[in-house]
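Peer 1: just need the structure, nothing else, for what follows:
(2 chains)
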Amino acid sequence: MKWITRERPKIDRIACPWLIKQFVDKDAEFIYVPKELAFAKAAELNAIPYDIPGAEYTHEGEYCTFDYIVKKHRLSDPPILQIATIVRGADTDRFDLAPQAAGLWAISAGLSHNYSNDQEMLEIGIRLYDALYSWAKYVQNEKHNWKPGN
Amino acid sequence: MKWITRERPKIDRLACPWLIKRFVDREAVFIYVPVDQVFPLAEIEDAIPFDIAGVEYTHYDDQCTFDYIIRKHKIEDAGVLVMAPIVRGADTDRHDLASQASGLWAISAGLAYNETDDQALLEKGMMLYDVLHSWAKHLQHIKHTQQPSEHQLIEILRRFVQQEKDQQKIPDWVKGLKEIIQDQIDTNLNLKQLSEELDINPSYLSRVFSRYFENRSFGEYVRKQRIDKAIELMQTPSYTLTEIAYLTGFSDHSHFARIFKNETGQNPSSYRKKTVKK
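Peer 2: Below is the predicted model of the structure:
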């Protein structure tokens, strides 16, 4: 399927494509367009609009679109649930939700500043969420201590 | 210059190369080797060893190598100074030093897990610290939700859209049934007959009725409609209560009075006295 949303993604519009590709639709294609064109282009390209008010896939109350996908597609992988909280914190300016939210926000804001091509940003963003997933799944209990000579 | 350090970098051994390349030595080359080969190879390659005990470029007290480079090379870039406690916090497991440290650590640990080639990891690290630097320099006071009202507006819109959807979901027969009940309130309404009239399976109708009729069963709903109609008719002084009972489908006055009291807590005559002006 094609998925479409507003241009200039920061958090949710990068995290959702990653989640969709990993767990919902492996062959998904993602399109970014100016906000006012999202619904018209969605109809024209037969694409699913997301993370835009009025679409099915969007924020619900204090939950972000990433949360909605987790709920709708009944994803229950523990690292995904943990990443959902981090993404929600970074995306909705609720850094108290997870310690990693502030850092994810800083890095995502910087990415958006450095890469003006949304597709390029998506490619880097996907590696970013791959990293976050590996951390959550495999190494989050590891501590980093600098051991001299080690 | 060549710079050399231990293999499998996570934080400092990626952040320092970034800092060196961007602010100290643009042409710098970085070599990662097993810990026991750092000193012998530093000699052979004429490389500067860093982030390892016993060298100049290393940790001092609670400061990491990134801090030392800033101090030694007198780097005053505002973005780099914001980054220093984040890097130090992530590198020395002191996540309390900066709120971004935990996130930087998580992403760095995950990047290292996913990328086993240290040179490829360094490339990603360069990109990561470029990005963090942009945030630190230009964006750190910008919030993602720029207007607090934005969320509220989105929420209101969402509810509105949901309401529209809910309304669309009401089946056609509901409207017809509502009209029939209203028109025939004075007759002996029964659900089975109505379902035949509407061509709907009676047990289905009985099951879903309350969903579309104020959460009431068929009997409760009809009773409520009858009492509402009775209250309406009470406004016309010329109707007697017996007539009203008859017009609202009750078999006699005492049946009407009993149901009326159940629904409103009062009997019809005192209710009428209180609410209707003479």
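
Peer 1: can we go C-alpha only for contacts and neighbour counts from here?
Peer 2: Fine.

Peer 1: burial of A:N141, as a residue count?
Peer 2: Counted with other CA atoms under 10 Å in any protein chain shown, the neighbours of A:N141 add up to 9.

Peer 1: pLDDT wise, what is it at?
Peer 2: On pLDDT, A:N141 comes in at 84.

Peer 1: look up how far chain B lies from it.
Peer 2: Using CA to the nearest CA, to the nearest Å, A:N141 is found at 10 Å from chain B.

Peer 1: SS state for that residue?
Peer 2: Under DSSP: H, G, I helix; E, B strand; the rest coil, A:N141 falls in the coil class.

Peer 1: show me the strands in chain A, by range?
Peer 2: Taking DSSP state E as the criterion, chain A contains strands spanning A:2-6, A:29-33, A:47-49.

Peer 1: need those strands in TSV (columns: mean neighbour count and mean pLDDT).
Peer 2: Converted to TSV, the strands of chain A look like this (neighbours: other CA atoms under 10 Å in any protein chain shown; pLDDT from 0 to 100):
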stretch	mean neighbour count	mean pLDDT
strand A:2-6	21	96
strand A:29-33	18	97
strand A:47-49	22	96
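
Peer 1: just send those back as TSV, with distance to chain B too.
Peer 2: Below are these laid out as TSV (distance: least, CA to the nearest CA, whole Å):
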stretch	distance to chain B
strand A:2-6	15
strand A:29-33	19
strand A:47-49	15
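
Peer 1: need these in TSV with distance to B:F66, can you?
Peer 2: Shown next, in TSV, are those (distance: least, CA to CA, whole Å):
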stretch	distance to B:F66
strand A:2-6	38
strand A:29-33	38
strand A:47-49	44
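
Peer 1: B:R223 is nearest to which of the ones you listed?
Peer 2: strand A:47-49 (46.6 Å; CA to CA).

Peer 1: B:G249 contacts B:I185, doesn't it?
Peer 2: Yes. Under the criterion of CA atoms under 8 Å, B:G249 makes contact with B:I185 at 6.0 Å.

Peer 1: tell me, what's touching these two both at once?
Peer 2: Counting by CA atoms under 8 Å, 6 or more residues apart in numbering or on different chains, the contacts common to B:G249 and B:I185 are B:R226.

Peer 1: count of residues packed around A:K26?
Peer 2: Using other CA under 10 Å, A:K26 has 12 neighbouring residues.

Peer 1: isn't it up against A:I20?
Peer 2: Yes. Proximity of A:K26 to A:I20 meets the contact threshold set by CA under 8 Å, at 7.2 Å.

Peer 1: ok, now which ones touch B:S108?
Peer 2: With CA under 8 Å, 6+ apart, B:S108 has these contacts: A:A131, B:K10, B:I11.

Peer 1: CA atoms only for the helix or strand where it lies, dumped as CSV, please.
Peer 2: B:S108 belongs to helix B:101-114 when assigned by DSSP states H and E. Provided in CSV are the C-alpha atoms of helix B:101-114 (Å, rounded to 0.1, in the frame of the first residue of the first chain):
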residue,chain,number,x,y,z
ALA,B,101,21.6,11.6,27.7
SER,B,102,19.3,8.6,28.0
GLY,B,103,18.1,8.9,24.5
LEU,B,104,21.5,9.4,23.0
TRP,B,105,22.7,6.4,24.9
ALA,B,106,19.8,4.2,23.7
ILE,B,107,20.3,5.2,20.1
SER,B,108,24.1,4.8,20.3
ALA,B,109,23.9,1.4,22.0
GLY,B,110,21.4,0.3,19.3
LEU,B,111,23.5,1.6,16.4
ALA,B,112,26.5,-0.2,17.8
TYR,B,113,24.5,-3.4,18.1
ASN,B,114,23.2,-3.2,14.5
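
Peer 1: can you pull out the strands in the stretch 51-200 of chain B?
Peer 2: Here the stretch 51-200 of chain B has no strands by DSSP state E, counting those that start in this stretch.

Peer 1: quick check: residues of it near chain A?
Peer 2: B:52-54, B:90-93, B:99-104, B:106-114, B:128, B:130-136, B:139-140, B:143-145, B:154-155, B:157-158, B:161 (CA under 8 Å from any CA of the partner chain).

Peer 1: got a quick PyMOL command for the buried subset of the residues you listed?
Peer 2: The PyMOL command for the buried members of these (criterion: 16 or more other CA atoms under 10 Å in any protein chain shown) is given here:
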select buried, chain B and resi 52+53+90+91+92+93+99+100+101+102+103+104+106+107+108+109+110+111+112+113+114+128+130+131+132+133+134+135+136+140+154+155+158+161
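
Peer 1: so, low pLDDT: which residues of the chain?
Peer 2: Unless you meant another one, I'm taking chain A. Applying pLDDT under 70 to chain A picks out residues A:145-150.

Peer 1: other chain: chain B
Peer 2: Across chain B, the ranges flagged by pLDDT under 70 are B:144-156, B:158-159, B:162-169, B:276-278.

Peer 1: centre of it to the edge, which residue is at the far end?
Peer 2: B:S238 (59.4 Å; CA atoms, centre = their mean).

Peer 1: phi, psi for that one please.
Peer 2: The phi/psi pair for B:S238 (degrees, to the nearest 10) reads phi -70, psi -20.

Peer 1: please report the distance of it from B:S254.
Peer 2: As judged by CA to CA, to the nearest Å, B:S238 and B:S254 stand 20 Å apart.

Peer 1: one step back: which of the contacts of B:S108 fall within helices?
Peer 2: A:A131 (DSSP state H).

Peer 1: what sits against residue 14?
Peer 2: Went with chain A since none was named. A:L122, A:G125, A:I126.

Peer 1: to clarify, I was referring to chain B.
Peer 2: Residues in contact with B:L14 (CA under 8 Å, 6+ apart) are B:L122, B:G125, B:M126.

Peer 1: can you do 7 Å?
Peer 2: By CA atoms under 7 Å, 6 or more residues apart in numbering or on different chains, the contact set of B:L14 is B:L122, B:G125.

Peer 1: how many residues are close by residue 83?
Peer 2: Since no chain was named, I'll use chain A. The number of residues packed around A:I83, counting by other CA under 10 Å, is 21.

Peer 1: wrong one, I was asking about chain B
Peer 2: Applying other CA under 10 Å, we find 23 residues neighbouring B:M83.
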